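Chemist: The amino acid sequence is not available; the structure is as follows:
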């Protein structure tokens, strides 16, 4: 792979690849001219920042004319910082994220199609390269396939008599979850409230996962039809309201951020945490070792990976997709050679060695070379990996991969401006599910003309 990667790099630097629609940038620069490629990313897993620095240093030693400037963003503030830069017409060359139709709508997302050699395309496992496409056009290279589920505390589940192995194998309905929630709600050993489920009030993943398990792939379906305007979204919000009213979820959910949500789960104040990936298995195993070593205080937790419950009358769906690097040009286009250099860095940060991301996160690999490089080194318990494989059979891919850029942008705007404040109002008790459903219907009609 190293030799192949070098050959690819030489080909790109020599300008063998056909020029893409760089949009009128200067063509005067040559392959050996000095250039800088900017990368904005996140702490994808515990050692990612250190590994990224090592990989960048290695790349620069092989390509001394290219400087790679990396910036590690925080999960809380990074998305807003990127949106500001994108709206100003000056995004980084590479940004760690899922591909998004709103990016394409700015006309700054870089079409990677001219740079995608057969060697690269054939290295991706079936169905994975598409995770970096919008309507068949390549804008990103996925680093891993994400998979969202819920995470349970084995001690609490066992104490309540919850057959979590059966749930992992067969799934569970909303009615079955409510029955379990009643058993999981009570007091901790020190008298503090113990909730069946904890989520945060600032993200939308909770409502998205539940509505997806009520027959709605997203606010829109992949044909662009508005979904959140009928009884299904009302049922979904009524289900959430019932969990709050019964005390199965904290009354202060509206005020919880993702960190507080995790802290409550770690403290044994919640039996189940929303939005968990198999990586929790790895994180908690490390935390348990630190507790044994005396470097961390707290109760050890054995992780149980759980599917999201589904409406009794709808099939189970697992939220999946791809995350990796998305490439951009800027309002002041830096030219075709810079675009080639950007792709070269992108491919380098996504190749076989980058399979460490999938491996560390206990998620499926996206490239054959990655699977080969980490064969026999997979992290995560057999139980968690088996549950993840079972859940993958019910995968629901993001509808944004099939929507045109304008519709994808409208959907994102609807979520930010309509869904987010309404969910806050639901959690805080300021609005009823019926009032919110009416608001979704009227605002959806305005936004989507449906």
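Modeler: Received it, and whenever you're ready, just let me know what you need. Given the structure is predicted, the values throughout are model-derived calculations rather than measurements. Numbering: from 1, shown residues only.
Chemist: Show me what counts as buried in stretch 144-155.
Modeler: Buried residues in stretch 144-155, counted by 16 or more other CB atoms under 10 Å: 144, 145, 146, 147, 148, 149, 150, 151, 152, 153, 154. Bear in mind the C-beta positions are built from the backbone N, C-alpha and C, glycine included.
Chemist: Would you mind confirming that residue 139 is in contact with residue 99?
Modeler: Yes: contact criterion CB atoms under 8 Å: residue 139 and residue 99 qualify, at 4.8 Å.
Chemist: The two - which one has more neighbours?
Modeler: Relative neighbour count places residue 99 above the other of residue 139 and residue 99, with 28 against 21, counting by other CB atoms under 10 Å.
Chemist: who does the nearest residue to residue 350 once chain neighbours are set aside bridge with?
Modeler: Distances taken as CB to CB, 6 or more residues apart in numbering put residue 141 closest to residue 350, at 4.2 Å, once the chain neighbours are dropped. Per DSSP bridges, the residues bridged to residue 141 are residue 325.
Chemist: Count the residues that sit near residue 141.
Modeler: Number of residues near residue 141 (other CB under 10 Å) recorded here: 29.
Chemist: Let me see the contact set for it.
Modeler: Contacts here follow CB atoms under 8 Å, 6 or more residues apart in numbering; on that basis residue 141 touches 112, 132, 324, 325, 346, 347, 350.
Chemist: just to revisit the earlier point, which neighbours do residue 139 and residue 99 have in common?
Modeler: Any residue near both residue 139 and residue 99 by CB under 8 Å, 6+ apart counts here, and that gives 109, 132, 133, 326.
Chemist: which residues does the second one contact?
Modeler: I take that to be residue 132. Contacts of residue 132 by CB under 8 Å, 6+ apart are 99, 112, 138, 139, 140, 141, 142, 322, 324, 326.
Chemist: 10 Å instead?
Modeler: 98-99, 112, 116, 124, 138-143, 322-327, 350, 366, 401 (CB atoms under 10 Å, 6 or more residues apart in numbering).
Chemist: Residue 201: which of the shared contacts of residue 139 and residue 99 is nearest?
Modeler: Ranked by distance to residue 201 (CB to CB), the shared contacts of residue 139 and residue 99 are led by residue 326 at 28.1 Å.
Chemist: count of neighbours near the closest one?
Modeler: Neighbourhood size, residue 326 [other CB under 10 Å]: 26.
Chemist: And it, what's its pLDDT?
Modeler: Model confidence at residue 326, given as pLDDT, is 97.
Chemist: residues near the residue lying closest to it once chain neighbours are set aside, how many?
Modeler: Nearest residue to residue 326, sequence neighbours excluded (CB to CB, 6+ apart): residue 140, at 4.0 Å. Neighbours of residue 140 under the rule other CB under 10 Å: 29.
Chemist: Could you double-check that residue 140 lies in contact with residue 109?
Modeler: Yes: if you go by CB atoms under 10 Å, residue 140 and residue 109 touch, sitting 8.5 Å apart.
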